[in-house]
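K.L.:
the sequence isn't on hand, but the structure is:
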C-alpha cells in the first residue's frame, strides 16, 4: 500500500478507487483534485480508524456494501453514498448445463430433492450455520421424504465435522454429497445440480449488517430457489415468498418447514427459480460497475 501510494503521487488518473481506508486517506490528502471513490465493506472500530473514516467519507464518493453500512457512514458525514452489493461474473454462467446433465456428471440421483451450500464453512473464524441446515434436513427427511445435501467447500476438518453430525442424526451416507474444494470453473456445474441453494448464516453483527455473500448471487445466476437466513443484509437483496424463502437464523424448525415447502411444492420451486433468474441480471459485476460509474459521473 505504501509503494502504491508513492507510485500514485504523479500518476495521471480520472478517478481513484480503493477499498483500503488508509490509502483512501492518503489519496484524499495528496490528490484532492482527483475524484476519489471509497468502497466500504465494514465500519472501523478503533478511535483512530473511525477518525480517518470520517475524514475519508466526507471527501469521497462512497460505495457501501449494505444499506445499514450506508446509513452509518452518512451519520459520519458522508453525503455522496450509493449502496452496491457484491455480484457475480456473468461469463462464468454463460453455458450452464441442465440439471439432468449436471447430476449425471456428478453422480447425483436425477429424482432427488437436492439442497446445496457452496463456499467456505467459516468466515473470519465464525461458523456459517451449516449445523442448523443439517439438523433441518434431518427433521424434513422425517416428514414426507428424503433431502439430499450437496456440499462444495472446506476446510476438510469442517467437512468431517458435518459428516459426523449427519451420521449422528441418522441420515443416510449416500444422501450427503461432499465434493470438498473444487476449481472455480467447476462451480456452475455443481450449482446447476441443485433444487435449492442454502444461505443459513447465523445472527452476528457482521452477517446481519455488513455481509454480501457472493454465493447468494451465484445461486440466483443459475436459477436456484433460495432459502436464506432472514437477516437485514440478505433481505435487502431477496424478498420472502417472492424471490426466496427466508427463515429466522438458527431456527431449525423454520428451516425444516422451508425445505419441506420447496420439496413438496414444485410450482413454488419453479416460481422462485424463475424469479431468481430475473433478479440475477441486476447483480452482475458489469451492471454494478455501470451503476457506480453513473453515480460518480453524475454527482460530480
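P.N.:
Looks like it arrived, so ask away. Bear in mind the structure is a predicted one, so any value in this text is a computation, not a measurement.

K.L.:
name the SS class of residue 77, please.
P.N.:
coil (DSSP: H, G, I helix; E, B strand; the rest coil).

K.L.:
go on, residue 38?
P.N.:
Assigned by three-state DSSP, the conformation of residue 38 is strand.

K.L.:
mind checking which helix or strand the closest residue to residue 82 other than its chain neighbours is in?
P.N.:
Using CB to CB, 6 or more residues apart in numbering and skipping the chain neighbours, the partner closest in space to residue 82 is residue 295 (4.7 Å). All C-beta spots, glycine's among them, are computed from the backbone N, C-alpha and C. Applying DSSP states H and E as the criterion places residue 295 in helix 285-299.

K.L.:
please apply the same query to residue 134.
P.N.:
Taking DSSP H and E as the definition, residue 134 sits inside helix 130-141.

K.L.:
strand partners of the next helix-or-strand element following that helix, parallel vs antiparallel please.
P.N.:
With elements assigned by DSSP H and E, the helix or strand that comes after helix 130-141 is strand 148-152. Sheet pairing here is set by DSSP bridges, and for strand 148-152 it gives strand 114-118 (parallel), strand 176-180 (parallel).

K.L.:
strand 148-152 versus helix 130-141: what angle between them?
P.N.:
Strand 148-152 and helix 130-141 are oriented at 160 degrees to each other (axes from the mean of the first three to the mean of the last three CA atoms, to 10 degrees).

K.L.:
so after strand 148-152, what's the next helix or strand?
P.N.:
Beyond strand 148-152 in the direction of the C-terminus, DSSP H and E gives the next helix or strand as helix 156-168.

K.L.:
now the angle from that next one to strand 148-152?
P.N.:
In terms of direction (the same axes, to 10 degrees), helix 156-168 departs from strand 148-152 by 170 degrees.

K.L.:
other SSEs contacting helix 156-168?
P.N.:
helix 130-141, strand 148-152, strand 176-180 (3 or more CB pairs under 8 Å, 6 or more residues apart in numbering; DSSP states H and E).

K.L.:
pull out the buried positions in the last one.
P.N.:
Of the residues in strand 176-180, 176-179 count as buried by neighbour count, 16 or more other CB atoms under 10 Å.

K.L.:
what's the closest of the residues you listed to residue 74?
P.N.:
Using CB to CB, the shortest approach to residue 74 within the buried residues of strand 176-180 belongs to residue 179, at 42.6 Å.

K.L.:
to residue 161, which of the helices and strands packed on helix 156-168 lies closest?
P.N.:
Across those, residue 161 has its closest neighbour in helix 130-141 (8.6 Å, CB to CB).

K.L.:
ok, and what's touching the closest one?
P.N.:
Outside helix 130-141, the residues that touch it by CB atoms under 8 Å, 6 or more residues apart in numbering are 115, 117, 121, 147, 149, 151, 158, 162, 165-166, 169-171, 175, 198, 200, 202, 249-253, 255-256, 258-260, 263.

K.L.:
now those residues: which count as buried?
P.N.:
The buried subset of the contacts of helix 130-141 (16+ other CB under 10 Å) comprises 115, 117, 121, 147, 149, 151, 158, 162, 165-166, 171, 175, 198, 200, 202, 249-250, 252, 255-256, 258-260, 263.

K.L.:
ok so, going back, JSON lines please, covering the buried residues of strand 176-180 and showing distance to residue 243.
P.N.:
Listed next are these as JSON lines, based on distance: CB to CB, whole Å:
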{"residue": "176", "distance to residue 243": "28"}
{"residue": "177", "distance to residue 243": "26"}
{"residue": "178", "distance to residue 243": "28"}
{"residue": "179", "distance to residue 243": "27"}
